[in-house]
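Engineer: Here's a sequence, model it:
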Amino acid sequence: MSHFAAFAIALSGLTLLSNSPAPPGPNGQIIVQGQRERAEIDKFVDQLSPQQADIQLGKFFVPVCPGVVGLPDGQNKLVEARMRTVAAAIGAPVAADGCVPDVIVVVAQDKKAAIEDLQRRRPWLLGDIATGDIRLLKRLPGPAAGWQVVGKVVSDGMPLNRVRFGGATDMAGSEAMLAKGFGVVGRLQQATVPQFVVSVVVIEGRALDRVSTIQLADYATMRALAPISWRSASMPARSILNLFDPGKALAEQPASVTWWDVALLKSVYDTSNSVPADIQRSAIAAMMKRQIDKVAPEDR
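Structural biologist: A predicted model of the protein is given here:
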């Protein structure tokens, strides 16, 4: 049994979208795919990171609460359940049932129209993305888009206060943890830490033909929890993030999160982002290497 056996989590409650392939692996387990390629680790991290190398990478410090809209209600719940399962497996905090969604997945007929609707009706879900950048976001190629609203908290260990913004229920609002503190930070510790307040993923329904709930949920989880720039045009080759790559046939797409995806997410959530950006990226890459090195050949 490899070190990563802990990530083989039962999925007996999940069903598939119409015309979907069977879930991967025996007994409904999470099956991760990938090969150990040490030279690709830094490239993998760089492709998913903000373009400016001096920007710290954010993550969720508050419990993750997935909310999915646009599918039949039963399938919405199945995708949410799978997202919770994977988030817990990689070490992200996960909220209890009945929480206010802070990871929002919208399945829509048209990506551009869906983003425009959010901009008009729930502008806080676009955070401080400039108007010109929102126009670019709408025009990005492909059937999916994703972004995070990033806030700052102090890194001196003082308690965080929960505040609600927007509406009070369903997709109308979200919550954030704001810190109060006056402690002294170390020489290499940054005064503030970036945290995800809310993540949004928009996917066009036309792209989901023959896509399983596992694939959809894992794509959305990776897109929402990883510190991925919304500007990223190309995704790492060994990632579920290539699910909608038009250059790949369906049979060539990952059936679930890959070992590389798991290693990245676990590394992001197990390392500190209160250090300078270059140290943070180096720590993530080093931990990814250790994680991938532990994968038994038969599990890759």
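Engineer: where do the strands sit along the stretch 51-200 of the chain?
Structural biologist: Taking DSSP state E, counting those that start in this stretch, the strands of the stretch 51-200 of the chain run over residues 66-69, 103-108, 144-154, 160-166, 173-179, 192-204.
Engineer: what pLDDT, on average, does the last one get?
Structural biologist: Pointing back at strand 192-204 there. For strand 192-204, mean pLDDT rounds to 92.
Engineer: and if you look at the second one?
Structural biologist: The average pLDDT for strand 103-108 rounds to 97.
Engineer: just the shortest one next, same as before
Structural biologist: Taken as a whole, strand 66-69 has an average pLDDT of 97.
Engineer: Could I get the buried residue list for that strand?
Structural biologist: Along strand 66-69, these residues count as buried under the neighbour rule (16 or more other CB atoms under 10 Å): 66, 67, 68. Any C-beta I mention is one placed from the backbone N, CA and C, and that applies to glycine too.
Engineer: Make JSON lines out of those residues and add distance to residue 268.
Structural biologist: Formatted as JSON lines, the buried residues of strand 66-69 follow (distance: CB to CB, whole Å):
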{"residue": "66", "distance to residue 268": "17"}
{"residue": "67", "distance to residue 268": "22"}
{"residue": "68", "distance to residue 268": "22"}
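Engineer: Closest to residue 229 out of these?
Structural biologist: Taking CB to CB as the measure, residue 229 sits nearest to residue 66 out of the buried residues of strand 66-69, at 21.3 Å.
Engineer: close enough to count as contact, the closest one and residue 105?
Structural biologist: Yes - using CB atoms under 8 Å, residue 66 is in contact with residue 105, at 6.9 Å.
Engineer: Show me where the stretch 51-200 of the chain dips below the pLDDT cut-off.
Structural biologist: Within the stretch 51-200 of the chain, the stretches with pLDDT under 70 are 51-52, 154-191.
Engineer: hey, what's residue 192 bridged with?
Structural biologist: Assessed by DSSP bridges, residue 192 has beta-bridge partners residue 154.
Engineer: Pull the number of nearby residues for it.
Structural biologist: Residue 192 has 15 neighbours, counted by other CB atoms under 10 Å.
Engineer: gap between it and residue 58?
Structural biologist: Between residue 192 and residue 58 the distance is 11 Å, computed by CB to CB, to the nearest Å.
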